[in-house]
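Engineer: give the three-dimensional model of this entry:
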Amino acid sequence: MRPGSEEVISIRPMQVEDVAQVQEIDSISFSTPWPKESFFFELNKNPTSICRVIEIQQPGKAAVICGMLVLWLIIDEAHIGTIAIHPDYRRRGLGSRLMIDVLNELQEKEANLVFLEVRAQNHSAQELYYQLGFKQTGVRRNYYKDTGEDALLLTIENLQQKVFE
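Structural biologist: Numbering: from 1, shown residues only. Presented below is the predicted three-dimensional model:
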């Protein structure tokens, strides 16, 4: 690429106008996606929600949302409800970038603990989470209704003492 013609990657708060693209990413990524109404609820009615998108802006083109994340922050505990990167943009470090950005934001908001559930067979997602410092702290048996698959409960404790770059 010519100098000055590189793509720009940015992370920003999710907007109502983003829901169609976000829900498409969710539907492509998961066998039991959230309904559109859930994203609208998180954006408009849930005061504990933090909703983010990661997008790519290429020169001369409209920005494309390539990933999303929704979490709930209750006092000093954060629960990541969903995170997904569109399959066309995976293996580019975007999931890591989105997670690091959100973990740093949670530190600014003085969260001390963050947790999530991940399918026991989703090894690529687990690899990302373990690299970020998550540790397995439990198993939720038969958590996923579509397959009966277990979920691993992954947690970062003492979030304020971690460094994410």
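Engineer: please name the nearest non-neighbouring residue to Asn142.
Structural biologist: Gly148 (4.9 Å; C-beta to C-beta, 6 or more residues apart in numbering). C-beta: built from backbone N, CA, C; applies to glycine.
Engineer: give me the three-state assignment for the one you found.
Structural biologist: At Gly148 the chain is in coil, as set by DSSP: H, G, I helix; E, B strand; the rest coil.
Engineer: tell me how far it lies from Asn158.
Structural biologist: Gly148 is 33 Å from Asn158, where distance means C-beta to C-beta, to the nearest Å.
Engineer: what's next to the host helix or strand of Val22, contact-wise?
Structural biologist: If you go by DSSP states H and E, Val22 is part of helix 19-29. Residues external to helix 19-29 that are found in contact with it (C-beta atoms under 8 Å, 6 or more residues apart in numbering): 14, 33-36, 39-40, 43, 53, 64-68, 82, 84-87.
Engineer: what's the helix or strand for Val70?
Structural biologist: strand 64-74.
Engineer: what's the helix or strand just after that strand packed up against?
Structural biologist: Downstream of strand 64-74, the first helix or strand assigned by DSSP H and E is strand 77-85. Helices and strands touching strand 77-85, by 3 or more C-beta pairs under 8 Å, 6 or more residues apart in numbering; DSSP states H and E, are helix 19-29, strand 64-74, helix 94-108, strand 113-119.
Engineer: show me what counts as buried in strand 77-85.
Structural biologist: Ala78, Ile80, Gly81, Thr82, Ile83, Ala84, Ile85 (16 or more other C-beta atoms under 10 Å).
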